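Q: structure for the following, please:
(2 chains)
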Amino acid sequence: MNQTLLPKTRLDDFIRFLSARQKVIAPVSLGNNQYKFDEVSSLDEISLHYIPTILPPKKYYMPQHETLLKYDVSKGQEMEAVVEVEELVLFGVHTCDLAGIQCLNMVFSDRPKDLHYLIRKNYLTLIGLECNDYCDSYANCAMLRNHLPKGGHDLFFTELADCYYVHVNTHRGDELVEKSGLFDEMNTQAEGELAELRTRKKERFKSEVAIRYQDIPRLFDETFESPVWEDVGNRCLACGNCTNVCPTCYCFDVMDEPDLDLTKGRRIRVWDSCQHEVFAKVAGGESFREERKDRKRHRFNRKFKYPVDRYRRIFCTGCGRCSRTCMAKIDLKETINALMEERE
Amino acid sequence: METVTINHTGYHIKRGKIRGITPLTAMEKMFEIELPGGDALDHDPGQFVEVSLFGVGEAPISICSSPTRRDNFELTVRAAGRLTEALHQLQVGDEVGIRGPFGVGFPIVPLEGNDILLIAGGLGIAPLRSLINFVIDNRRDFGKVDILLGCRDPQSMLFCEELAYWEERIDINFCCSVDRAAPDWAGNIGVITSLIPGVTLDPLKTFSVVCGPPVMYRFVVDELLQKGIPEKQIYLSLERHMKCGLGKCGHCQIHDVYCCQDGPVFSYDVVKQIKGAI
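A: Now for the predicted structure:
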């Protein structure tokens, strides 16, 4: 892996260089301290200091609405399988969201592989951006050790005083560095600044909940019958906001979208939510997670327990979006604290 | 946005042709389906397929025919939702989309050489029929065979001719009961569990396979455990909404288990660990 430097004065040139080649997606401000990933063509459109966007970058990996098959029933059940792709550079992705993408990669490359996802993923270039400080009090990234970069990017930017320290992680990233001709040689001053920043972060970012990473799955195992779920379930509105904004929620529905002539159409995949009552319903009318507390508990376990058994990884990234967006103020850190108290 | 065509995806359907439609009751029809080129589906008893009609959608349907009867395969469909109601409108010669087979079916290898007790409730006889006919076609490989069937009423009984045939065979003990019936009904009346105590069996040598509505399982399993059948020798098929069949969409998930890939058939010692599974 190489390191290189980009002077701050040349960041705008770099964004313009990228956007001349393909679409560039970056965090932009919506006002009221809200942000979204959207297309940009120059630096002044980008919010470099942003709190997690409303929707995570998963929307580019697993779009809200995606065509899987195109069909034509004029001569029987004819179909053609397709993948909708677009070459994009995602710039300014925080470490929590990079971790989220890594989780999705695991799910969709696990057999049976999802080629729609895997093919699209190769069209995307990922440029990460380090958080030098906490975004806000909802984040719990240190608890999940996602406040530091753990790969999953092509390039990774860290803001220093006058320049960006850039880790080059892939050949694709290196190509951008080379072709742009905007980057400088690494120097010892920048090395020193990065080391200083990381030391400062070590002091600043401490596990937000008093639990060790490796003990988290067991906590959920031991609190399955806890009254905390009753309380959380009573407050939950089953709106599904938490699953929509979650960088690692990937449940979906598959349905058909016929054209007006009813012969041609598309079989599509859309986001779905395990928080909705109908989600686990079967044809006979029986629903297997009827109570909101069952569904809430299911979601928490799908972050902190089940994926650890299946993928050896916790699927919460610590971005804090679920707590930030919840209309009933169900807070992830509070919930985990309540479970810990309950256990004692 | 660009569209790339791919020729291999989990959502690819095979074009199945309906070769026969047999009305079974007012609610259920059986469809015989032929795959392109007369290919075998190559399934295990207890597996399911995703049946699709473009413009309507897809639904998981268990396969009710035995792989030993090679040419085509059969599906019993109750008109209970959008897709199944549309299927009931189809004619012989129409096409349906088929994906699969999916999942882990009934255990065949562990059953061989042992006595087997097959228990079906209601529509559960459809998937179990694939195993029953498999056992009949390989009858020498199995020990004593008992089949218990429970239905709501005589009108909702499926595969009546076949049931009569099973009853006739000397190498099968077939017994059935209905929850309620008119006074002229000559058979048993009572819930399925009432049939279990009457079965003579050697519990350690007996494997039981149970298939029916979710409410039935706890009661039936209790009776089987009473009989002394070990937990590992009791198999259940769990009904969940297997939407994608690929272990991704989350609909059929019970805790960390994806019914569509890890199941739908599980042994009771496994099911017992999955809180709330039955």
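Q: how about the residues of the stretch 1-150 of chain A that lie near chain B?
A: The stretch 1-150 of chain A has residues A:67-69, A:71-73, A:76-86, A:107-108, A:110, A:112-116, A:119 near chain B, with proximity defined as Cβ under 8 Å from any Cβ of the partner chain. In short, each C-beta sits where N, CA and C put it, glycine included.
Q: for ChimeraX, what selects the buried ones among these?
A: ChimeraX command restricting those to the buried ones, with burial defined by 16 or more other Cβ atoms under 10 Å in any protein chain shown:
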select /A:67,68,69,71,73,77,78,79,81,82,83,84,85,107,108,114,115,116,119
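Q: skipping adjacent residues, who's closest to residue A:309 in space?
A: Residue nearest to residue A:309 in three dimensions, not counting chain neighbours: residue B:256, with 5.1 Å by Cβ to Cβ, 6 or more residues apart in numbering or on different chains.
Q: same question for residue A:299.
A: residue A:274 (6.0 Å).
Q: ok, now residue B:141?
A: Nearest to residue B:141 is residue B:112, by Cβ to Cβ, 6+ apart, at 4.9 Å.
Q: wasn't residue A:59 part of a helix?
A: Yes. With DSSP: H, G, I helix; E, B strand; the rest coil as the criterion, residue A:59 is part of a helix.
Q: strands of the stretch 101-250 of chain A, start to end?
A: Here the stretch 101-250 of chain A has its strands, by DSSP state E, counting those that start in this stretch, at A:124-129, A:155-159, A:163-168.
Q: who does the first one pair up with?
A: To tie it back to what came earlier, the one meant is strand A:124-129. strand A:88-93 (parallel), strand A:155-159 (parallel) (DSSP bridges).
Q: redo these as a markdown table? Include mean pLDDT and mean neighbour count.
A: As requested, the strands paired with strand A:124-129 are exported to a markdown table (pLDDT from 0 to 100; neighbours: other Cβ atoms under 10 Å in any protein chain shown):
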| stretch | mean pLDDT | mean neighbour count |
| --- | --- | --- |
| strand A:88-93 | 98 | 23 |
| strand A:155-159 | 97 | 23 |
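Q: mind checking which of those strands is nearest residue B:152?
A: strand A:88-93 (55.9 Å; Cβ to Cβ).
Q: so what touches the closest one?
A: Strand A:88-93 is contacted from outside by A:15, A:18, A:21-27, A:37, A:40, A:46, A:48, A:50, A:57, A:60, A:101, A:123-129, A:153, A:157, using Cβ atoms under 8 Å, 6 or more residues apart in numbering or on different chains.
Q: stretch A:306-313 too?
A: A:102, A:103, A:106, A:107, A:110, A:217, A:314, A:315, B:255, B:256.
Q: who's sitting farthest from the centroid in chain A?
A: The C-alpha centroid of chain A is most remote from residue A:75, which lies 41.7 Å away (Cα atoms, centre = their mean).
Q: show only the entries of the contacts of stretch A:306-313 found in helices.
A: A:102, A:103, A:106, A:107, A:217 (DSSP state H).
Q: quick one: contacts for the nearest residue to the fourth one once chain neighbours are set aside?
A: The reference is to residue A:107. Leaving aside its sequence neighbours, residue A:107 sits nearest to residue A:250 (Cβ to Cβ, 6+ apart; 5.8 Å). Each residue near residue A:250 by Cβ under 8 Å, 6+ apart is listed here: A:58, A:62, A:104, A:107, A:108, B:248, B:250.
Q: check contacts around residue B:223.
A: Residues B:193, B:196, B:197 are the ones in contact with residue B:223 under the rule Cβ under 8 Å, 6+ apart.
Q: residues contacting the residue nearest to residue B:85 when sequence neighbours are not counted?
A: Spatial nearest neighbour of residue B:85, excluding adjacent residues (Cβ to Cβ, 6+ apart): residue B:79 at 4.8 Å. Contacts for residue B:79 were tallied using Cβ under 8 Å, 6+ apart; they are B:27, B:28, B:29, B:85, B:87, B:88.
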